[in-house]
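In: could you look at this predicted model? Sequence included:
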Amino acid sequence: MKLTGLSEGLPKPLPKNLLLILAVLAAAIIAFVVYKVFFEHKPEAPVSQALSLPVVRVQKAILFREDQIPGEIQAYQDVLIYPKVPGFIKWIGVDRGSIVHEGEPMVTMYAPEYLARKDEAQAIVSQARAQLAEGESKLAAARARWREANAQLLGDDSTYQRVKAASLVPGVVATNEVIVLGQQVDQDRQAVSTWESNVKAAEHLVVALRDNLKADTKSLDNFSDFASYLQITAPFDGYITERNMHVGSFVGPLGTGAYPAICRIQQLDLLRIVAPVPERDTNGVVIGAPVDFSVSTFPDQRFTGTVARLGNYLDKATRTMPVELNYNNPPDKPDRRILPGMFCKVYWPTRRTEPTLFIPQTAVESTPLDTFVCRLGKDNKVERVSVTKGQIMGSMIEVFGNIHEGDLVLETSTEEIEPGTEVQPIMVEKDIEEEKRKEEHPKRKLHGGLPARS
């Protein structure tokens, strides 16, 4: 028997697609409820009014920093050897690398044209001496004739005076005899005058001849020094670092032609280290201060020179002042390979004479309009203080402005922190002495650097 009537009365099952749709709607409703309960209606945490930011103290210290600047090593004395007169090299006793001592002969020259000129000068002197002797002989003869004329004048004048006195008695002396004697006296006076003029002329001639002889003798003396010109000696103790001429070469003085130097001598036991010191550091240059340098030949070593000479002017192009260090370089040193012409790094110690204020570099903010630090004022509120940057020492920097030792400033200043913002300070200690020790050479204590100016 079939139960057809009962089956027709029961509800029909739901389709599978409808069940899936209902499940998705139920999940969406549950997710919406969870969002509303746990997220949208979650109570907000209370916001603190003060920002917790790290701050540092403004410290006072004396700037000490070691900068690396390029330097050039030069010989203390460096001379190109030229002859005083043109000539041929007859002998040369030095070559590149030779060691010479002051006064030691290096070159002997031969100059035939100068020898001929010397002989000519000698002949001129001999001729001048002969002319002077002749002039002096004529002067002596003129003086003798002058004295003879004077004697003749005295005798004739005495006879004339006696005859003239006797003629006053009538009949004793004839008048004609008195006239003849008077005329003779006049002739004697003219002769004396003439010989006196001849003596003066002879004296002037002798003076002129003596001056000529003196000039010719001086010229000959100059040629007498010519022998020393042909012997070239070392001007100081040093090394021959260059040789350009050989035996038979024709050489001449500097500036008289296109003649190269015979050789070059340099003093190597004392060197010059020339360093261009920047303008900002020139105030700390002290004569006698020790300064380190290094060369590429010994990259792991430092050498110490002494400040010896100042340029006392600034180069307009580089705004630097040339400063020279002395470095003793005796031949028995194992590091004698430090030679002129090398470039070096000079570790220039920069320090101020008075203490200044320092803060971390991050504490200074620079904008197109201002350079400032964020200082904590009353009630720990931020206030911007305009400052001027100075020198850098490690991670610290000098600042100048309305700021004082012990002030608290933000370790990192930024425009985003507005003036008046309240800050909860977190102290960060910065050891300024440690920054100074970082700048020092490990083998040198702080007091071994540049001394302060008095």
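Out: Structure's in. What do you need?
In: any idea of the pLDDT on P260?
Out: P260 is assigned 89 on the pLDDT scale.
In: residues near it, how many?
Out: The number of residues packed near P260 is 14, by other Cβ atoms under 10 Å. Where you see a C-beta, it was placed from the backbone N, CA and C, and this is true even at glycine.
In: does it sit in a helix, a strand or a coil?
Out: coil (DSSP: H, G, I helix; E, B strand; the rest coil).
In: leaving out sequence neighbours, find the closest residue to it.
Out: The spatial neighbour of P260 that comes closest, neighbours along the chain excluded (Cβ to Cβ, 6 or more residues apart in numbering), is N244 at 4.5 Å.
In: which ones are touching the one you found?
Out: N244 sits next to P260, A261, I262, C263 when contact means Cβ atoms under 8 Å, 6 or more residues apart in numbering.
In: most neighbours among the residues you listed, please name it.
Out: C263 (25 neighbours).
In: return the residues in contact with the nearest residue to it once chain neighbours are set aside.
Out: Among residues not flanking C263 along the chain, R243 sits closest, at 4.6 Å (Cβ to Cβ, 6+ apart). Shown in contact with R243 (Cβ under 8 Å, 6+ apart): I92, V94, D95, R96, I262, C263, R264.
In: same question, P355
Out: P355 makes contacts with K60, A61, I62, as judged by Cβ under 8 Å, 6+ apart.
In: so which strand or helix has A128?
Out: Here A128 sits within helix 112-166, counting by DSSP states H and E.
In: downstream neighbour of that helix in the secondary structure list?
Out: helix 175-224.
In: how distant is that next one from the center of its chain?
Out: 66 Å (Cα atoms, centre = their mean, to the nearest Å).
In: what packs against it?
Out: Applying 3 or more Cβ pairs under 8 Å, 6 or more residues apart in numbering; DSSP states H and E, we find helix 175-224 packed against helix 112-166.
In: flag the shaky bits of the protein, pLDDT-wise.
Out: Within the chain, the stretches with pLDDT under 70 are 1-19, 33-49, 172, 224, 256-257, 333-336, 435-454.
In: skipping its backbone neighbours, what lies nearest Q361 in space?
Out: Distances taken as Cβ to Cβ, 6+ apart put I397 closest to Q361, at 4.7 Å, once the chain neighbours are dropped.
In: is the one you found bridged to anything, and to what?
Out: I359, I392 (DSSP bridges).
In: how many neighbours does it have?
Out: I397 has 19 nearby residues by other Cβ under 10 Å.
In: so who does it touch?
Out: I397 makes contacts with F358, I359, P360, Q361, V364, K389, G390, Q391, as judged by Cβ under 8 Å, 6+ apart.
In: now swap in E434 and tell me
Out: G394.
In: which helix or strand contains it?
Out: helix 432-439.
In: do a quick rundown of the strands in the stretch 301-450 of the chain.
Out: With strands called from DSSP state E, counting those that start in this stretch, the stretch 301-450 of the chain shows them at 303-310, 320-328, 343-351, 356-360, 365-366, 371-376, 382-393, 396-401, 408-410, 423-427.
In: can you add distance to P83 and give those strands back as a markdown table?
Out: Compiled in a markdown table, those are given as follows (distance: least, Cβ to Cβ, whole Å):
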| stretch | distance to P83 |
| --- | --- |
| strand 303-310 | 31 |
| strand 320-328 | 31 |
| strand 343-351 | 34 |
| strand 356-360 | 59 |
| strand 365-366 | 64 |
| strand 371-376 | 64 |
| strand 382-393 | 53 |
| strand 396-401 | 58 |
| strand 408-410 | 72 |
| strand 423-427 | 78 |
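In: of those, which is nearest Q161?
Out: Checking those against Q161 by Cβ to Cβ gives strand 303-310 as the closest, at 89.8 Å.
In: and the closest one, what's buried?
Out: F303, T304, G305, V307, A308 (16 or more other Cβ atoms under 10 Å).
In: before we move on, what about stretch 231-244?
Out: Buried residues in stretch 231-244 (16+ other Cβ under 10 Å): I232, A234, D237, G238, Y239, I240, T241, R243.
In: any idea how the protein splits into domains?
Out: With domains defined by automatic domain parsing, the chain comprises 55-62+355-440, 77-111+230-265, 113-227, 269-351.
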